[in-house]
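In: Curious how this folds, go ahead:
(one chain, ligands or ions: 2)
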Amino acid sequence: MEKIDLSKYTNIIEVKHPLLEHKLGILRDKRTGTKEFREIAGEIGEYLCYKAMEEAELDDKVIQTPICETTVKRLNEDNYAFVPILRAGLGILDGVIKAIPNAKIGHIGMYRDDENGHKPVNYFFKVPKHIEDKEVILLDPMLATGGSAMDAIELLKEKGVKKIKFICMISAPEGLKVVAEKHPDVKIYCAKIDEYLNEDAYIVPGLGDAGDRIFGTK
Ligand code: PRP
Ligand code: URA
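Out: Residues are numbered from 1 along each chain as shown. Ligands and ions are numbered 1, 2, ... in the order given. Sure thing, here's the model as predicted:
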């Protein structure tokens with residue numbers, strides 16, 4: 001199988017850290033149970049969120065410390081919205097809201113129709129007011145064919161959203177190429193680019209069905 005070259009897509013950011021590798025290793029292990037899986041997915045999400053916010057603009061604010069007056073930096077949290085792609089994106093949401101607790105939250109419901117070509121089906125869409133003025137951080141632990149990510153990005157763009165980032169834990173080269181090519185303005189932060197998609201469009205080695213593992217539904 002020919003390796004997909006992603007080097008020209010500067011909007012794909014594979015975040016590297018030994019602790020991420022360690023935690024992904026626990027998630028990949030099929031013996032890892034729901035509680036631990038959910039906790040670690042949240043931790044990875046929080047770390048990726050810090051990375052995604054590395055260039056965030058800050059405002060100056062004059063405050064009083066116990067010692068003196070000083071000028072500190074503040075993030076206008078109201079400028080941000082997290083949008084998990086249901087269901088599995090909720091597993092990452094638990095972590096990212098620790099990083100920006102006052103960001104608004106929207107939801108996009110999407111499931112992959114695995115009986116009919118793995119195309120995503122959108123069943124829910126609810127986003128905060130004035131979403132078009134916010135930077136939206138889309139959340140989904142898995143980017144496989146890229147279909148769900150593409151549809152979610154397009155739904156947000158149709159709503160007038162201009163700044164979008166995508167956070168996922170594990171991605172497949174096939175799906176990354178499609179999304180990065182079509183949406184060069186969307187930065188994709190992932191903890192790992194895996195090897196390939198199998199005949200069922202599951203990521204290899206992957207971690208199985210993220211939604212089922214987060215919610216214990218299988
Ligand atoms: C999973 C995952 C993504 C999608 C990725 O969701 O959470 O949303 O598959 O696959 P794609 O890149 O090929 O579109 P799933 O459809 O299993 O729904 P769930 O979150 O409700 O389990
Ligand atoms: N969705 C998942 O949850 N896992 C995969 O490997 C592919 C799609």
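In: Tell me which residue of this protein lies closest to ligand 1.
Out: Gly211 (2.2 Å; Cβ to the nearest ligand atom). (Each C-beta comes from the backbone N, C-alpha and C, glycine too.)
In: residues near that residue, how many?
Out: Residues near Gly211, counting by other Cβ atoms under 10 Å, number 21.
In: repeat for Asp29
Out: Counted with other Cβ under 10 Å, Asp29 comes out at 11.
In: now the helices for this protein?
Out: 18-28, 34-52, 89-99, 147-158, 173-182, 210-215 (DSSP state H).
In: Point out the most buried one among the ones you listed.
Out: helix 89-99 (a mean of 22; mean count of other Cβ atoms under 10 Å).
In: Give me the contacts around that helix.
Out: Helix 89-99 is contacted by residues 37-38, 41-50, 53, 82-84, 103, 105, 108, 137-141, 167, 169, 210, 214 when judged by Cβ atoms under 8 Å, 6 or more residues apart in numbering.
In: Is that helix in proximity to ligand 1?
Out: No - Helix 89-99 is not in contact with ligand 1 by Cβ under 6 Å from any ligand atom; minimum separation 6.6 Å.
In: Please dump the helices of the chain into CSV; it should also carry mean pLDDT for every row.
Out: Converted to CSV, the helices of the chain look like this (pLDDT from 0 to 100):
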stretch, mean pLDDT
helix 18-28, 98
helix 34-52, 98
helix 89-99, 97
helix 147-158, 98
helix 173-182, 98
helix 210-215, 97
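In: if we can go back for a sec, within reach of ligand 2, which of the contacts of helix 89-99 are there?
Out: Checking the contacts of helix 89-99 against ligand 2 (Cβ under 6 Å from any ligand atom), the matches are Ala210.
In: Could you pull up the residues touching Gly42?
Out: 91-92, 94-95, 98.
In: Same question for Ala41.
Out: Ala41 is in contact with 27, 91-92, 94-95, 141, 169, 210, 214, counting by Cβ under 8 Å, 6+ apart.
In: Pick out whichever of the residues you listed sits closest to ligand 2.
Out: Among the contacts of Ala41, and counting by Cβ to the nearest ligand atom, the member closest to ligand 2 is Ala210, at 3.8 Å.
In: So what's the residue count around Leu197?
Out: So Leu197, with other Cβ under 10 Å, has 19 neighbours.
In: what pairs with it across the strands?
Out: When bridges are called by DSSP bridges, Leu197 pairs up with Ile203.
In: Quick one: name the residues of this structure near ligand 1.
Out: 85, 87-88, 110-112, 118, 120, 140-149, 175, 201, 209-211.
In: Mind giving me the ChimeraX command for buried ones among those residues?
Out: Entered in ChimeraX, the line below selects the buried ones among these, by 16 or more other Cβ atoms under 10 Å:
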select :85,87,88,110,112,118,120,140,141,142,143,144,145,146,147,148,149,175,201,209,210,211
